[in-house]
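Give me coordinates for this.
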Amino acid sequence: MITIGEEELDSLIQSEWNFLESKKGEWSLLEGKQDMEVLEHVLRCILHLDLTEEKPREFKECIKVQNPDGGWPKESYTDKTSMWITTFVGLKLCRGNLVLEDPDIQATVDKTLEYVLSMQEEDGHW
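The predicted model follows:
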C-alpha cells in the first residue's frame, strides 16, 4: 500500500489547481460559453481549496446562464434543463454562498430549489 504525506498531498493538489487555472478558458463562464458539468467540478475544487472568497465571480456568473425554469443546461449556451447539472450547480452555489452571503446567489439557489421540488414525481423520484 502506498501512503502519501500531507505536505506531498497539498503540493499535488496545488499543482493540479495550477493546471486548472492555466485552462481557465475551457471552464470559466467569465471566458465564454462552457460545459456546466466541467464548471461544476471546478466550483467543487474552489470550495475544497477555500478559494471561494477569491473567486466570487465564478459563482455569480452561474446566475446569468440559469434557465427561466430555475434549472441549468449541460452547456451554458443552450436552454434544455438537465436535472443532474441543476442539482449539482445549485449545491455548489448553496455551499459557496455560505461564504459569500450574496443575495443574488441566494435568490438563484431558492429558484433552483423551487424547480427541483416542482419536478419531483408522486412516487418521490425525479
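
quick one: contacts for the residue nearest the centre of the chain?
Computing the C-alpha centroid of the chain and ranking residues by CA atoms, centre = their mean puts residue 40 first, at 3.4 Å. When the contact criterion is CB atoms under 8 Å, 6 or more residues apart in numbering, the partners of residue 40 are 85, 88-89, 92. (C-beta placed from N, C-alpha, C; glycine too.)

Equivalent analysis for residue 31, please.
Residues counted as contacts of residue 31 (CB under 8 Å, 6+ apart) are 24-25.

how near is it to residue 96?
19 Å (CB to CB, to the nearest Å).

what's the answer for residue 84, then?
Noted for residue 84: a distance of 19 Å to residue 96, by CB to CB.

neighbour-wise, which of those two wins?
For the pair residue 84 and residue 96, the greater number of neighbours falls to residue 96 (24 against 13), based on other CB atoms under 10 Å.

Need the phi and psi values for the closest residue to the more buried one other than its chain neighbours.
Nearest residue to residue 96, sequence neighbours excluded (CB to CB, 6 or more residues apart in numbering): residue 59, at 4.4 Å. With angles defined as degrees, to the nearest 10, residue 59 sits at phi -80, psi -50.

begin at 34 from here
Will do, 34 is the new start, and the previous item becomes residue 92.

Now do the contacts for residue 92.
If a contact means CB under 8 Å, 6+ apart, then residue 92 has 76, 85, 125-126, 129-130, 133, 135, 138 as its contacts.

Out of these, flag the one nearest to residue 149.
Each of the contacts of residue 92 was scored against residue 149 by CB to CB, and residue 126 proved nearest at 12.6 Å.

Where do the helices of this structure begin and end?
If DSSP state H is used as the criterion, the helices of the chain fall at 39-55, 69-81, 89-97, 116-133, 136-151.

And these: which comes nearest residue 109?
Shortest separation from residue 109 across the helices of the chain is recorded for helix 69-81, at 5.8 Å, computed as CB to CB.

That closest one: how far from the chain's middle?
With CA atoms, centre = their mean, to the nearest Å as the basis, helix 69-81 stands 5 Å off its chain's centre.
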